[in-house]
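# this is a predicted model, with the sequence first.
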Amino acid sequence: MNAKEKILIIGSSGQIGSELVEGLRDIYGRESVIASDIRNLEKESLEAVAPYEKLNVLDKDHLYALVKKYEITQIYLLAALLSATAEKNPMFAWDLNMNGLFNVLNLAKEGHIKKVYWPSSIAVFGPTTPRIMTPQFTIMEPNTVYGISKQTGERWCEYYFQKYQVDVRSLRYPGLIGYKSAPGGGTTDYAVHIYHEAAKHQPYVCFLSENTGLPMMYMPDAIKATIDLMHADPDKVKIRSSYNLSGMSFTPQEIANEIKQHYPSFSISYQPDSRQQIADSWPQSIDDSYANNDWGWKAAYDLKLMTEDMFAHIKY
Ligand code: SER
């Protein structure tokens, strides 16, 4: 690995950011991976995550100053409003999700950094997309603010690659599930909360209906995919919008049944809310053969393995 790489993670306190900081520090060393987030951290967490900078990605002067201060070569931009939160504040979501991306892409275009990672999502798809084994290239008519911002972002990433040779790489994450960090306002969050309630011996009230199938992925797979993509030979990264990425697919009923293998008295009930409509517009499963063929991606975890590992770590 190139020892001279200096990496800035924007959104380091979030669900993906907190795990990527750890993953990248294991590879590059602590001092080479700068964590940043809009949150003010208490002294204790500050020391645990240092080097850390408080940063609003919309403040492009501050972003530029940090890039110069630490001689940053790569940025992972993870700060965004997710699907459910974005629906509550559409204009702010659009501003943050788009202008945050432009601020980072422009630093690369101007030659201040060499490489950019930016996550996209299954939310780029919409009700007119084929829902089973959704192809890489297909109809995309997202009907959420989050999905519209991710799809637009994908178009701009490809544009910056083609017009300005910006080395930007991206994955369309499915719902992400992990035990180390809490999800931040998405439609797939139930699949994290449900494990915690089960481990607390509590019943779970699910905000999606029992047969809502969605694509999901265990966090170690997501972190591995991200780092593999960023380490892939540039010639192998043939898609510069964003790659479909698949882990597993399940419904709330199926995950509840798997949980019952560990907690037989666990019970679930269903009270769908506004997130149901979002889930109904998304695919149920994803065809990720381009990621597989181009840079060798293959997920390791299915629902059973993930559930075992989640409960090996979640203790109350
Ligand atoms: N997990 C995300 C969400 O539900 C999808 O990108 O918003």
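All right, it came through fine.

# and the nearest residue to Lys114 once chain neighbours are set aside, what does it touch?
In this structure, Lys114 finds its nearest non-sequential neighbour in Thr73, 5.0 Å apart by CB to CB, 6 or more residues apart in numbering. To be clear about C-beta, it is placed using only N, CA and C from the backbone, and glycine gets the same treatment. Thr73 sits next to Lys4, Glu5, Lys6, Ile7, Ile113, Lys114, Lys115 when contact means CB atoms under 8 Å, 6 or more residues apart in numbering.

# for the last one, list each beta-bridge partner.
With DSSP bridges as the criterion, Lys115 is bridged to Gln74, Asp167.

# correct me, but it touches Arg169?
Yes: contact criterion CB atoms under 8 Å: Lys115 and Arg169 qualify, at 7.4 Å.

# more neighbours: which of the two?
Shown here are Lys115 and Arg169; by other CB atoms under 10 Å, Arg169 has more neighbours (23 against 17).

# the more buried one contacts Ile239, correct?
No: using CB under 8 Å, Arg169 is not in contact with Ile239; the gap is 9.0 Å.

# pLDDT wise, what is the closest residue in space to Lys238 that isn't next to it in sequence at?
In space, not counting the residues next to it along the chain, Lys238 is nearest to Asp294; the distance is 5.3 Å by CB to CB, 6+ apart. The model reports Asp294 with a pLDDT of 98.

# any idea which helix or strand carries Asp294?
Secondary structure assigned from DSSP states H and E places Asp294 in helix 289-295.

# output the contacting helices and strands for the helix or strand just after that helix.
Under the assignment DSSP H and E, the closest C-terminal helix or strand after helix 289-295 is helix 303-313. Packed against helix 303-313 by the contact rule (3 or more CB pairs under 8 Å, 6 or more residues apart in numbering; DSSP states H and E) you find helix 190-199, strand 214-218, strand 248-250, helix 252-260.

# run the last query once more with 7 Å
Judged by 3 or more CB pairs under 7 Å, 6 or more residues apart in numbering; DSSP states H and E, helix 303-313 is in contact with helix 252-260.

# what residues does the helix it packs on touch?
190-191, 194, 198, 206, 208, 210-212, 266, 268, 270, 303-304, 307 (CB atoms under 7 Å, 6 or more residues apart in numbering).

# phi, psi of Gln162?
The phi/psi pair for Gln162 (degrees, to the nearest 10) reads phi -70, psi -40.

# ok, and the closest non-adjacent residue to it?
Leaving aside its sequence neighbours, Gln162 sits nearest to Arg240 (CB to CB, 6+ apart; 7.3 Å).

# and the closest residue to Ser249 other than its chain neighbours, how far from Val124?
Once flanking residues are discounted, Ser249 sits nearest to Ser285: 4.4 Å by CB to CB, 6+ apart. Distance from Ser285 to Val124, counting by CB to CB, to the nearest Å: 15 Å.

# with Gln162 instead?
Counting by CB to CB, the gap from Gln162 to Val124 is 19 Å.

# now do Ala84
16 Å.

# interface residues of the chain facing the ligand?
Those residues of the chain that sit near the ligand, judged by CB under 6 Å from any ligand atom, are Leu82, Ser83, Ser121, Ala123, Tyr146, Tyr173, Gly175, Gly186, Thr187, Thr188.

# may I ask which helix or strand of the chain has the lowest mean pLDDT?
Here the helix or strand of the chain ranked lowest by mean pLDDT, DSSP states H and E is helix 43-49, holding a mean of 92.

# and it, how far out from the chain's middle?
23 Å (CA atoms, centre = their mean, to the nearest Å).

# so what's the residue count around Ile9?
Using other CB under 10 Å, Ile9 is surrounded by 28 other residues.

# isn't there a strand covering it?
Yes: assessed by DSSP: H, G, I helix; E, B strand; the rest coil, Ile9 belongs to a strand.

# contacts only, for the residue lying closest to it once chain neighbours are set aside.
Sequence neighbours aside, Tyr76 is the residue nearest to Ile9 in space, at 4.8 Å (criterion: CB to CB, 6+ apart). For Tyr76, the contact set (CB under 7 Å, 6+ apart) comprises Ile7, Ile9, Ile10, Leu20, Tyr117.

# which SSE is Tyr76 in?
Counting by DSSP H and E, the element that carries Tyr76 is strand 74-77.

# could you measure from the closest residue to the ligand within the chain over to Leu305?
Nearest residue of the chain to the ligand, counting by CB to the nearest ligand atom: Gly186, 2.5 Å away. Distance, Gly186 to Leu305, by CB to CB: 22 Å.
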